[in-house]
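**Q** kindly return the folded structure for what I paste below:
(one chain, ligands or ions: 1)
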Amino acid sequence: MTKVTLKDGVNWVGVVDWNIRDFHGYITYRGSTYNAYLIQDQKTALVDTVKAPFANELVEHIKEHTPLEKIDYIIVNHVEMDHSSSLPIIAKLAPQAKIYSTARGKEELIKHFGAEFERVEIVKSGDKIELGKKTLTFLEAPMLHWPDSMFTYIIEDKILLPNDAFGQHLASSARFDDEVDQNVLMEEAVTYYANILMPFTPLIVKKIQEVVAMKLPIDIIAPSHGIIWRKDPMKIVNAYLDWCTGKTIKNKAVVVFDTMWGSTDKMARAIEEGIASQGVEVKLLKLRCTDNTDIVTEIVDAKAVVVGSPTLNNGMFPSLGSFLTYEGGLKPKGKAWYFFGSYGWGGGAVRNMIKMSKDFGLEAQEPGLELKWVPTAEELKKCFEWGQMIGQKIKA
Ligand code: FEO
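**A** Residues are numbered from 1 along each chain as shown. Model prediction:
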């Protein structure tokens, strides 16, 4: 492998997963990478490992720099299996290496891999490990992405290794931000934020403010997925601040629906036209044609989400249950949620969707719009006008 050097003595030894398309339900159209970093000075440290099926590749990449017996420290920034499921293999090949994680990380490592990880040593924010001229220090970052998460910072090289934060699921032969298409990079970065980190938005803002207050000089941000930010590391930090604080929100609505025999489809199209007639951007997305991964990404910069379902067995269509469960977990902030649908002899879908969205803490607007059987021309006019009302509220 061509060596991937961030700075003298700091090398990427991770792997590229070109084929992954489903990352615990998140559709990864462009694959991913599991980034691990080897830091060599008088002492050698490995920061993070990779997903277990790629353990041999990781071992080969490390061996290009050093025999594994020479690793002195293994830093576990995050226990989730995409970063630590190779750890038991590496720990066997480097039995002399001390392993470090947060207190929660140690607990999770023991639960995942057994009592042999009782030997893990706990680090806290501000603790340091001297490698020689290079020094590693740590910053606990609970819930970015799990309770165990932490960032590692190489003081002299000004390199931040924040694990999941600032990552992207993007397989590439290139490793750095100045080597890839910027539109693709930012598209994958926002998709990653929306699908992985959005529920932790307040914590992200707090953590970024904490790092800014520490006045840490940062030359490179090297996450554990995707591309490394060396040309413009503040680009991704500022993008996170914009997404987290709603700065990118614009006059936009996302209409999401499913349909049985076409009635809810007709309603959705009339509502979309009504919203668009007010000069508001609209995306019309049919469930079963569009994955939740893409819908949530579209919602990041929208002011309103308009959700439609036919009634099936007195409730919402099953695909809507899946969609609202996904959205409810991710909790996009600052959106107004509207609900509509069609029914035959008895309604239920709209009532169900409003209840479910409220249970998840989404800002459900009432009343919804519900029509019986196939909408007439007059009823479609009503849908158009309902869309106009939503468009006006978005603009207001
Ligand atoms: Fe990339 Fe939370 O693991």
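**Q** what does this protein put close to the ligand?
**A** 78, 80, 82-83, 145-146, 164, 224-225 (CB under 6 Å from any ligand atom). Every residue, glycine included, has its C-beta placed from N, CA and C.
**Q** which one (most neighbours) among the residues you listed?
**A** When neighbours are counted by other CB atoms under 10 Å, residue 224 leads the residues of the chain next to the ligand with 28 neighbours.
**Q** where do the strands of the stretch 1-150 of the chain begin and end?
**A** For the stretch 1-150 of the chain, applying DSSP state E, counting those that start in this stretch gives strands covering 4-7, 10-12, 15-17, 22-23, 26-27, 32-34, 37-40, 44-47, 73-75, 98-101, 121-122, 128-130, 135-140, 150-154.
**Q** repeat for the stretch 201-350 of the chain
**A** Here the stretch 201-350 of the chain has its strands, by DSSP E, counting those that start in this stretch, at 220-221, 252-257, 281-286, 304-312, 315-316, 336-343.
**Q** and those as JSON lines, adding mean pLDDT?
**A** As requested, these are exported to JSON lines (pLDDT from 0 to 100):
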{"stretch": "strand 220-221", "mean pLDDT": "98"}
{"stretch": "strand 252-257", "mean pLDDT": "98"}
{"stretch": "strand 281-286", "mean pLDDT": "98"}
{"stretch": "strand 304-312", "mean pLDDT": "98"}
{"stretch": "strand 315-316", "mean pLDDT": "98"}
{"stretch": "strand 336-343", "mean pLDDT": "98"}
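**Q** and stretch 294-312, end to end?
**A** 25 Å (CA to CA, to the nearest Å).
**Q** tell me the centre residue of the chain?
**A** In the chain, the residue lying closest to the centroid (CA atoms, centre = their mean) is residue 196, at 2.4 Å.
**Q** for it, give its distance to residue 103.
**A** Using CB to CB, to the nearest Å, residue 196 is found at 23 Å from residue 103.
**Q** now for residue 100: which residues touch it?
**A** By CB atoms under 8 Å, 6 or more residues apart in numbering, residue 100 lies in contact with 73-76, 120-123, 129, 138.
**Q** among these, which one has the most neighbours?
**A** Among the contacts of residue 100, the one with the most neighbours (other CB under 10 Å) is residue 76, at 28 neighbours.
**Q** that one and residue 48 touch, don't they?
**A** Yes. Between residue 76 and residue 48 there is a contact under CB atoms under 8 Å: 6.9 Å.
**Q** anything in contact with each of these two?
**A** Contact criterion CB under 8 Å, 6+ apart; residues bridging residue 76 and residue 48 by contacting each: 83-84.
**Q** how about the contacts made by the residue nearest to the centre of the chain?
**A** Taking CB under 8 Å, 6+ apart, one finds 26, 145, 164, 167 in contact with residue 196.
**Q** pLDDT score for it?
**A** Here the pLDDT value assigned to residue 196 is 96.
**Q** give me phi/psi at it?
**A** With angles defined as degrees, to the nearest 10, residue 196 sits at phi -120, psi -50.
**Q** just the helices in the stretch 251-396 of the chain please.
**A** When secondary structure is read from DSSP state H, counting those that start in this stretch, the stretch 251-396 of the chain shows helices at 263-276, 292-299, 318-330, 349-359, 377-395.
**Q** by how many degrees do the first one and strand 252-257 diverge?
**A** Between the axis of helix 263-276 and that of strand 252-257 there is an angle of 170 degrees, by axes from the mean of the first three to the mean of the last three CA atoms, to 10 degrees.
**Q** who does helix 263-276 touch, helix- and strand-wise?
**A** If you count contacts as 3 or more CB pairs under 8 Å, 6 or more residues apart in numbering; DSSP states H and E, helix 263-276 packs onto strand 252-257, strand 281-286, strand 304-312, strand 336-343, strand 369-372, helix 377-395.
**Q** swap in the second one?
**A** For helix 292-299, the contact count by 3+ CB pairs under 8 Å, 6+ apart identifies strand 26-27, helix 182-192, strand 252-257, strand 281-286, helix 318-330 as packing neighbours.
**Q** for residue 133, which of the ones you listed is the nearest?
**A** helix 182-192 (32.3 Å; CB to CB).
**Q** give me the contacts around stretch 378-391.
**A** 253, 266-267, 270-280, 304, 306, 338, 340, 369, 371, 375.
**Q** thinking again about what came up before, let's have the residues of the chain next to the ligand in a markdown table, adding pLDDT.
**A** Output for these, formatted as a markdown table (pLDDT from 0 to 100):
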| residue | pLDDT |
| --- | --- |
| 78 | 98 |
| 80 | 98 |
| 82 | 98 |
| 83 | 98 |
| 145 | 94 |
| 146 | 96 |
| 164 | 97 |
| 224 | 98 |
| 225 | 98 |
